[in-house]
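> next one to model:
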Amino acid sequence: MDQTSVLNGNTILILAGALGLVGIVIGILALVLVELGLITPPVGMNVFVINAMAKDVPMSRTFLGVMPFFVAELFRVALLVAFPALSLWLPKVLAG
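Numbers count the residues shown, from 1 in each chain. Model prediction:
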């Protein structure tokens with residue numbers, strides 16, 4: 001990991017702390033955003049893997065098939081941004 005990544009990560013955590021967000025919430029949100037990036041064009045690494053497995057399906061049809069999941073991910077990101085406590089709700093319930 002280079003020094004720029006560490007510097008950016010620290011800056012993001014400091015800004016998030018100033019907004020009242022916990023580091024784990026930022027980590028969960030970052031993970032969800034990376035998942036979203038893996039199914040959207042032009043990168044869409046997961047979609048390219050799926051399309052390579054289904055050789056008879058055109059790429060455009062594969063991306064159209066991913067759109068409901070894309071919309072669900074956007075909804076989940078909106079919920080996590082609006083209500084950050086949702087990301088910690090299940091672990092708190094399971095911990096007792």
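
> going forward, measure contacts between C-alpha atoms and count neighbours the same way
OK.

> report the separation between the residue of the chain most remote from its centre and Thr62.
What lies farthest from the middle of the chain is Asp56; by CA atoms, centre = their mean that is 29.2 Å. When distance is defined by CA to CA, to the nearest Å, Asp56 is 11 Å away from Thr62.

> please apply the same query to Gly9.
With CA to CA as the criterion, Gly9 and Thr62 are 34 Å apart.

> so for the two, which residue has more residues nearby?
Between Gly9 and Thr62, counting by other CA atoms under 10 Å, Thr62 is the more crowded of the two (15 against 12).

> nearest spatial neighbour of Leu21, chain-adjacent residues omitted?
Pro84 (7.5 Å; CA to CA, 6 or more residues apart in numbering).

> burial count for Leu13?
With other CA under 10 Å as criterion, Leu13 counts 18.

> what does Val47 give?
So Val47, with other CA under 10 Å, has 19 neighbours.

> my read is that it contacts Arg61, right?
No: using CA atoms under 8 Å, Val47 is not in contact with Arg61; the gap is 10.4 Å.

> what's the first helix or strand after the strand or helix carrying Ala52?
Assigned by DSSP states H and E, Ala52 belongs to helix 45-53. Next along the chain after helix 45-53, taking DSSP H and E as the criterion, comes helix 59-82.

> having no further points to raise, I will conclude here.
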